[in-house]
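>>> fold the following for me, if possible:
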Amino acid sequence: MATFLVCECAIDNRVLDQIVVQRHGLAVQIALAGGSTGLGAIRSYLQQRTSGDVAISVRDRDYDYTLAEAATTWTAPTSRQLVWRRHEVEN
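Next comes the predicted model:
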């Protein structure tokens, strides 16, 4: 069984690696989607490759989600699409 985090770009990859892999020591593989349009397809592909694999995508808020909507993606126990609470332009 493998666990994948699918993110949009290299910046997300570095952040997820620092937080999830290095700080928390979780064994996940990070996959780059090359933008937000491919997140769902890549997540579905990775999850269906082998029985038991889990794939979760993390995307930018991009003004498509309110802060409250983004926050709920992190608390929903069955969520497979997480949305960063703050977009990089807000930092």
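>>> quick check: E8 touching G35?
Yes - applying CB atoms under 8 Å, one finds E8 in contact with G35, separated by 5.8 Å. For every residue, glycine as well, the C-beta is placed using N, CA and C.
>>> of these two, who's got more company?
When E8 is set against G35 and neighbours are counted by other CB atoms under 10 Å, the residue ahead is E8, at 21 against 11.
>>> which residues does I30 contact?
Counting by CB atoms under 8 Å, 6 or more residues apart in numbering, I30 makes contact with 4-7, 13, 16-17, 20-21.
>>> just L67 next, same as before
Shown in contact with L67 (CB under 8 Å, 6+ apart): 61, 85.
>>> what pLDDT does it get?
L67 carries a pLDDT score of 89 in this model.
>>> show the buried residues in the contacts of I30.
Neighbour-count burial (16 or more other CB atoms under 10 Å) applied to the contacts of I30 gives 4-7, 13, 16, 20.
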